[in-house]
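Trainee: Output the structure for:
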Amino acid sequence: MLKSLPSIPFLFASALTAFASTAAAQSPCVDGMAAGYPCQHVDFLSFMPLDEVGGGNNLNDIWGWTDPNDGTEYVLLGRDNGTAFIDISDPVNPVLVADLPTQSTASLWRDVKVYDNHAFIVSEASGHGMQVVDLTQLGNITNPPVTIQPDAVYEGWGNAHNIVINESTGRAYGVGTNTFAGGLHILDITEPLNPALIGDFADDGSTHDAQVVSYIGPDANYAGKEVAFCCNGNTVTIVDVTDPTDATLISATGYPGVSYSHQGWLTEDHRYFISNDELDEMNLGINTTSFIWDVSDLSAPQVIGTFVSTSTAIDHNLYIRDTLVYQSNYRAGLRILNAADIENGNLTEIGYFDVEPTDDAPQFSGTWSNYPYFDSGVIAVTNINEGLFLVQVSGQMLAYGCTDPSACNYDPEAEEDNGS
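Mentor: So this is what the prediction gives:
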């Protein structure tokens, strides 16, 4: 959120494999409805209201963690007054295991990411800093829920809008902090309980959100380097952060109709970047619009297309797994797009679960974020004022499929053509 304002026959087999789940849907999506919520190809598993996830007045960001010891999946759920840790090993009957109170005061904004079995939690609450929690303790809790305290607190900033982590290098990036003009505040977190400042980038002002990767894309000039893809209000800004003591601007690019460049995510080959603008629906009176960037030349990214939804809702956080795009679009709920034809600037909506069915008005309510990376296929979705939804993609989950290389659902590892 802006700091200043309160059956799927055309999916690829490779994407479907990731969503195999042993859990039965509590309410499958039938005739466009599941458990009273509008849906398409997304089944309802369970719902936890605010009072069952630790209370407070609203939810915000969300992430996930899987215990490497026993495979238990946990939702890490931000609230205005703290963070909830929820066991979803039985997604039809999730359990609140632990509650971490806010470090200072309540705030609408809280964000959490994970590295090396530790959670890193920030907030815009004044004097909050960054809480660090050893997640391995969750499996030892026998009488949940319990209240826990952080194992460490980083005090190099007071407030932060977001925390970004590159797990491959063990670096965390505070963004929208009260340091370095709100730009990148770069930490070494390879010792999770001892975060250390190693650099910064302030040359393009405040960063609202970002994704930082060890670059594998087609631009040979940056092969193997650490690159930050930032949404900076009026631009998509790309920064070489390989040397954190000398982070260097690669490009800062605006786009037609820019109102507030909010957040975005790379395709897994790092060739394309899909971004959202949080204020264009409200300011320009347009339908929900996603921007498709060709970033094969990091010094000259180009918008090669847009996806315009039938909804009028404001778009918020989105994430990409395999070839699917998972968007939390406030009052339009979770929207799932197929990126099979992204090289031609095209996306196609193939599923949704509307957690705010009353209307799709361009307002800051509904779903804030989602987490689509659990191996089980469970997708965690927040509703800011109501609670946590657990859902999953419908349909038979196949390990092989289309053998036609010209088809949109072609699977190069397919052993037979099963007609999907």
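Trainee: element containing the residue nearest to Asp315 when sequence neighbours are not counted, please.
Mentor: Closest residue in space to Asp315, ignoring its immediate chain neighbours: Asn276 at 4.0 Å, by CB to CB, 6 or more residues apart in numbering. (C-beta placed from N, C-alpha, C; glycine too.) Element membership for Asn276 (DSSP states H and E) is strand 272-277.
Trainee: and Leu334, how far is that from Glu52?
Mentor: Using CB to CB, to the nearest Å, Leu334 is found at 20 Å from Glu52.
Trainee: if you count what's nearby, which of those two comes out ahead?
Mentor: Taking neighbours as other CB atoms under 10 Å, Leu334 and Glu52 compare with Leu334 leading, 26 against 16.
Trainee: wait, what's in contact with that one?
Mentor: By CB atoms under 8 Å, 6 or more residues apart in numbering, the contact list for Leu334 reads 42, 326-328, 352-355, 367, 370, 379, 381, 389, 391.
Trainee: could you redo the last one with a cut-off of 6 Å?
Mentor: Residues near Leu334 by CB atoms under 6 Å, 6 or more residues apart in numbering: Phe353, Asn370, Val381.
Trainee: ok, back up a step: return the distance of the strand holding Asn276 from the chain's centre.
Mentor: 12 Å (CA atoms, centre = their mean, to the nearest Å).
Trainee: Going along the chain, name the helices of the chain.
Mentor: For the chain, the helices defined by DSSP state H cover 13-17, 280-284.
Trainee: The residue positioned nearest the centre of the chain and Gly56, how far apart?
Mentor: With distances taken as CA atoms, centre = their mean, the chain has Tyr319 as the residue nearest its mean C-alpha position (4.7 Å). Using CB to CB, we find Tyr319 at a distance of 24 Å from Gly56.
Trainee: Closest to Asp61 out of the contacts of Leu334?
Mentor: Within the contacts of Leu334, distances to Asp61 taken as CB to CB reach their minimum at Asn370, with 10.0 Å.
Trainee: what sits against that closest one?
Mentor: For Asn370, the contact set (CB under 6 Å, 6+ apart) comprises Tyr326, Ser328, Leu334, Ile379, Val381.
Trainee: Neighbour-wise, give me the winner out of those.
Mentor: Per-residue neighbour counts (other CB under 10 Å) across the contacts of Asn370 peak at Ser328, which has 28 neighbours.
Trainee: out of everything not next to it in sequence, what's closest to it?
Mentor: Thr367 is the one closest to Ser328 (CB to CB, 6+ apart), at 4.2 Å.
Trainee: ok, so what distance separates the one you found from Tyr74?
Mentor: From Thr367 to Tyr74 the distance is 20 Å (CB to CB).
Trainee: Does Asn57 touch Arg79 like I think?
Mentor: No. Asn57 is not in contact with Arg79 according to CB atoms under 6 Å; the separation is 8.3 Å.
Trainee: From Asn287, how far out is the closest residue to Leu318 other than its chain neighbours?
Mentor: For Leu318, ignoring the flanking residues on the chain, the nearest one in space by CB to CB, 6+ apart is Gln327 at 4.3 Å. Distance from Gln327 to Asn287, counting by CB to CB: 13 Å.
Trainee: okay, these two: which has more neighbours?
Mentor: Under the neighbour definition other CB under 10 Å, Gln327 and Asn287 were set side by side, and Gln327 has more, 31 against 18.
Trainee: Got the confidence number for that one?
Mentor: For Gln327, the model assigns a pLDDT of 98.
Trainee: ok, what's across the strand from it?
Mentor: Leu318, Arg335 (DSSP bridges).
Trainee: my guess is it meets Arg335, correct?
Mentor: Yes. With contacts defined as CB under 6 Å, Gln327 counts as touching Arg335 at a distance of 4.4 Å.
Trainee: picking that back up, surely the residue nearest to the centre of the chain and Trp265 touch.
Mentor: Yes. With contact defined as CB under 6 Å, Tyr319 reaches Trp265; the gap is 5.4 Å.
Trainee: who's the residue nearest to Asp315 bridged to?
Mentor: Going by DSSP bridges, Asn276 forms beta bridges with Gln263, Ser290.
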